[in-house]
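Student: show me how the following folds:
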Amino acid sequence: MSSFYIKSITAHGSGKSDAIVSFSNGLNIIQGYSDTGKTCIVKCIDFIFGSSEKPFDKSTGYSRVTMQIVTPNGEMVLRRSIGKNQIQVESDISYIENGTYDIGYKKNQKNPVINSVWLKLLGIDGEPMIVKNSDFEKKHLTWRTLLNLIYINENDIGKSESIIVPEQYTEKTLFLSALLYLISGRDFAETDAQTKKEIRVARRKAVEEYVNKQLSGIADRKKALAEQIAIFADVDVEDEIARIIADIEVTDVAITQAVNDSKELLGQIMAVEEKATECAVLLSRYKALKSQYTGDIRRLTFIVEGEVEYQNVPHSAKCPFCDGKMPVHDRTSYIDASRAELTRIIAQLNGLGETETDVQKEQADIEAELTALCAKRTDIEMLISEQLRPKADALQDTLKNYRAYIRLKHEMDVIDSFSDSWTTDLRELPEEGDNTLKYHPKEYFDNAFLATMDAYAKSILEECNYENLTSARFNLTDFDIEVNGGKKSTNHGKGYRAFLNTVVALMFRRYLAKDAKYNPGLLIVDTPLLGLDQGVDDAAPESMRTALFKYFMNNQTEGQMIVVENLDHIPDLDYTTSGATVITFTKGRFEGRYGFLNDVY
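Tutor: Below you'll find the predicted structure:
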C-alpha cells in the first residue's frame, strides 16, 4: 500500500456551504453526467499539488480548497486560496512542520517549499537535484515533475504519444531523470555537469592565454635568477658550505668556552667582593672601638686630674651655718684605680692599631685581586662581543648567501620543469569535438526494467480482456506500449488509445508499487473509457470496458486510485462490495447529489 492517501477534498467559499468529497485508500470512482464537477474535483487536487490553473471560476462563489492527507504516522491538512502561491499546512506528523509553504522555488526564499513535504511523504530526505539536460545540469526533483505518473487528465487520455513522457522537449529529460530517481534513488551526483561547447571553446582559449602569460612571466624570472646565480660562478658552493659549517661549529665552541670562563670569573669576583665587604665592616668596627678607647682614656685622665686638684682644697673645720666644729672624714682616692684602668686601655688601644693595620693590608690585597679578576672578565667579554660573535654572524650570513644560491638553483630547475610541462599541456589541450559525455536517460533503463514492463503489459492486458491479444511489449524509444507488434498511434482510434494509455499508467503504477525504491502510491485517471467503441454490447461481462474496471477493483493494494468517468460509459458493477468508494453526481436526473459544488448548476 502507499505511504499516504487523499482522505478528502473540500471547496470553500464565502457564504457557501462546504463542498466535500471523501476518499478511501483503495479504488475511488467519481461517476456522473457531464458538467457536474467531476473533473473539478481532480482539478482541486491538482491545485493543491501546485497547479497554476484555477479549479473553479470565482462566479461559483468558491475560492479556497482544502485537502486532507492520511499517513501511517498521522494526518495533514493543506489549504490554498485562489490567486495565492502559498499553501497552509497543519500537520500532526512528526517530520512535517506546520506553517506557510511556497508553491515554487524563487530567489530570497523566506518560506520552505511545499515540494519538500511531498517528497518527505515518499520517504525522500532533503530535496535531491536531478539531471535536466544532456549536459548533466541539475534541477530540483519536484512533485510537479512526477505528475504524469500520478494524474492522467481528460485532455491527454486519448493522445497518440506516450501518456507518461511530457510533450515539451525541455521537460522530457527532467521527467525521465525523476522516474529513474524513483526507481533506483540515483541522481547522477557522481557526474559533473558537462559544459556547453561554446563555453568549452572560450575556456580553452582562456587556458591558452593563461599558460602563455605564465610562460612569459617565468622567462623574466629565469633571467633575473641567472643574473643572481652568476655571482657564484667560480665558487664550489657545496665545499664552501661544508667549510663554513665547520668554522661555525668551532666558533660556537669558542663562544661557549668564553661564556663559561666569564661565568666562572663572575663567581670568583663575587666571592672576593664578599671578602672586601667583610674587611670594610671590620675596619668600621675597629674605628668605632678606637673612638671608644680614646673616650675612656679622656674620662680616666679627667678623674685623676680631679683627684689631684681635690687634695689641694683646704678642709673647713667649722660649719658655715652654725659655726660648729665639723668632723674630718676619711676619703677614698681613685687615682690608683684610674691609673691601672688607663694602663689596661692603652694596651688594648695599641693592640687594636696593630689589628687594624693587618686588616687594611688584607683589604688592599683583596682590591688588587678584584681589579685583576674584573680586568680578565672584561677581556673575555670583549673577545666574545668584538671577535667571536661578529665572526659567527659573518659565517651565518655567508652560509645564508650560499643556501640562497641553492634555492635559486632549485627555483631555476623548477621553472625549467614547469616550462616544459606547461608547453606539453598546451600542446595536448583537447580539440573541441563532439566527444563530450552526454546524458541520455533512456540508456539507464536496463533490460531488467524492460523485461518487467513487458510482463506487466501482457498481464494487465490479459486481465483486461484485450481483444485478439497476441503480444505486448514496452517500447523504450517511444516510452509507450506496443500491442501485437503495432504502435498505438498508427493502429488505433482515440477510444482504444485512451484504453491503452490507461494500461500504460497501470503498468507504471504496478512497477512503482512492486519494484521501485520510492512509490507515490497514487493514480488519478480522468475518463479512461473516452468513447471506447468495441462494436459489441458494452454491458457484456467479458468486454474490455468491464474488464478494465474489474481490474481496478481487483488491484486496490497497489495504492489509491481515483477514476473519473461518465455515467453513460461506466460498466454496471458492484463496486461497493469490492471495497471501492463511489461518488455519484446525478445532475438532477434521479435522486442524489446534483454535483460537486453546492448550488452550482
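
Student: with adjacent residues omitted, what lies nearest to Ser578?
Tutor: Met553 (4.0 Å; CB to CB, 6 or more residues apart in numbering). (Glycine included, C-beta is placed from N, CA and C.)

Student: now the helix or strand where the one you found lies: buried residues?
Tutor: Following DSSP states H and E, one finds Met553 within helix 544-554. If you call a residue buried by 16 or more other CB atoms under 10 Å, then helix 544-554 has these buried ones: 544-553.

Student: of these, which is the nearest to Thr36?
Tutor: Nearest to Thr36 among these, counting by CB to CB, is Phe549 at 19.5 Å.

Student: quick check, the closest one in contact with Ile570.
Tutor: Yes: contact criterion CB atoms under 8 Å: Phe549 and Ile570 qualify, at 7.1 Å.

Student: common neighbours of those two, please.
Tutor: Taking CB atoms under 8 Å, 6 or more residues apart in numbering as the contact criterion, Phe549 and Ile570 have no common neighbours.

Student: tell me the contacts of Leu548?
Tutor: Taking CB under 8 Å, 6+ apart as the test, what Leu548 contacts is 464, 499, 502, 528-529.

Student: hang on, the earlier thing: per-residue pLDDT, the residue nearest to Ser578?
Tutor: pLDDT, Met553: 96.

Student: wait, doesn't it sit right on Val582?
Tutor: No: if you go by CB under 8 Å, Met553 and Val582 don't touch, sitting 11.0 Å apart.

Student: quick check: neighbours shared by those two?
Tutor: Joint contacts of Met553 and Val582 (CB under 8 Å, 6+ apart) are Tyr575.

Student: now do the longest helix seen in the chain: distance to the chain's middle.
Tutor: Longest helix of the chain, by residue count under DSSP state H: helix 237-311. Averaged C-alpha coordinates place helix 237-311 at 72 Å from its chain's average position (CA atoms, centre = their mean, to the nearest Å).

Student: other SSEs contacting it?
Tutor: helix 335-383, helix 389-428 (3 or more CB pairs under 8 Å, 6 or more residues apart in numbering; DSSP states H and E).

Student: where in the stretch 451-600 of the chain is pLDDT low?
Tutor: Flagging of the stretch 451-600 of the chain using pLDDT under 70 yields the residue ranges 491, 531-542.

Student: tell me which of the helices and strands packed on helix 237-311 lies nearest to Asn108.
Tutor: Once the helices and strands packed on helix 237-311 are compared by CB to CB, helix 389-428 is nearest, at 42.1 Å.

Student: can you give me the helices for the stretch 1-150 of the chain?
Tutor: Under the criterion DSSP state H, counting those that start in this stretch, the stretch 1-150 of the chain contains helices at 38-48, 115-121, 147-150.

Student: would you reformat these as a markdown table and include mean pLDDT?
Tutor: Output for those, formatted as a markdown table (pLDDT from 0 to 100):
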| stretch | mean pLDDT |
| --- | --- |
| helix 38-48 | 96 |
| helix 115-121 | 94 |
| helix 147-150 | 94 |
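
Student: now for these, which one comes closest to Glu274?
Tutor: helix 115-121 (87.9 Å).

Student: which helix or strand in this structure has the lowest average pLDDT?
Tutor: helix 197-229 (a mean of 64; mean pLDDT, DSSP states H and E).

Student: how near is Val525 to Met561?
Tutor: In this view, Val525 and Met561 are 7 Å apart by CB to CB, to the nearest Å.

Student: contacts only, for Gly559.
Tutor: Taking CB under 8 Å, 6+ apart, one finds 1-2, 5, 509, 513, 519-523 in contact with Gly559.

Student: ok, so of these, who is nearest Met129?
Tutor: Checking the contacts of Gly559 one by one against Met129 (CB to CB), the nearest turns out to be Pro520, at 19.3 Å.

Student: once you drop chain neighbours, what's closest to that closest one?
Tutor: Nearest non-adjacent residue to Pro520 (CB to CB, 6+ apart): Ile150, at 5.5 Å.

Student: now that neighbour: how far from Ile96?
Tutor: Taken as CB to CB, the span from Ile150 to Ile96 is 19 Å.

Student: cool, Lys517 as well?
Tutor: From Lys517 to Ile96 the distance is 21 Å (CB to CB).

Student: neighbour count: these two, which is higher?
Tutor: A direct count of neighbours by other CB atoms under 10 Å for Lys517 and Ile96 places Ile96 higher, at 20 against 14.

Student: dihedrals phi and psi, that one?
Tutor: Main-chain torsions, Ile96, degrees, to the nearest 10: phi -120, psi 120.

Student: cool, Ser51 as well?
Tutor: Dihedral angles (degrees, to the nearest 10) for Ser51: phi -70, psi 150.

Student: numbering from 28 from now on, please.
Tutor: In the new numbering, first residue 28, that becomes Ser78.

Student: ok, it - how many residues close by?
Tutor: 17.

Student: thought it was touching Lys70?
Tutor: Yes: using CB under 8 Å, Ser78 makes contact with Lys70 at a distance of 7.5 Å.

Student: can you get me a residue count around Lys85?
Tutor: 11.

Student: so who does the closest residue to it other than its chain neighbours touch?
Tutor: Distance criterion CB to CB, 6+ apart; nearest residue to Lys85, sequence neighbours excluded, is Ile109 at 6.7 Å. Ile109 makes contacts with 81, 85, 90-91, as judged by CB under 8 Å, 6+ apart.

Student: 7 Å instead?
Tutor: 81, 85, 90 (CB atoms under 7 Å, 6 or more residues apart in numbering).

Student: which residue packs closest to Lys544, ignoring adjacent ones?
Tutor: Closest to Lys544 by CB to CB, 6+ apart is Gly212, at 4.7 Å.

Student: just the pLDDT at the one you found, thanks.
Tutor: pLDDT at Gly212 comes out at 91.

Student: ok, now Ile47?
Tutor: So Ile47 comes in at 98 (pLDDT).

Student: that one is in contact with Ala38, isn't it?
Tutor: No: using CB atoms under 7 Å, Ile47 is not in contact with Ala38; the gap is 8.0 Å.
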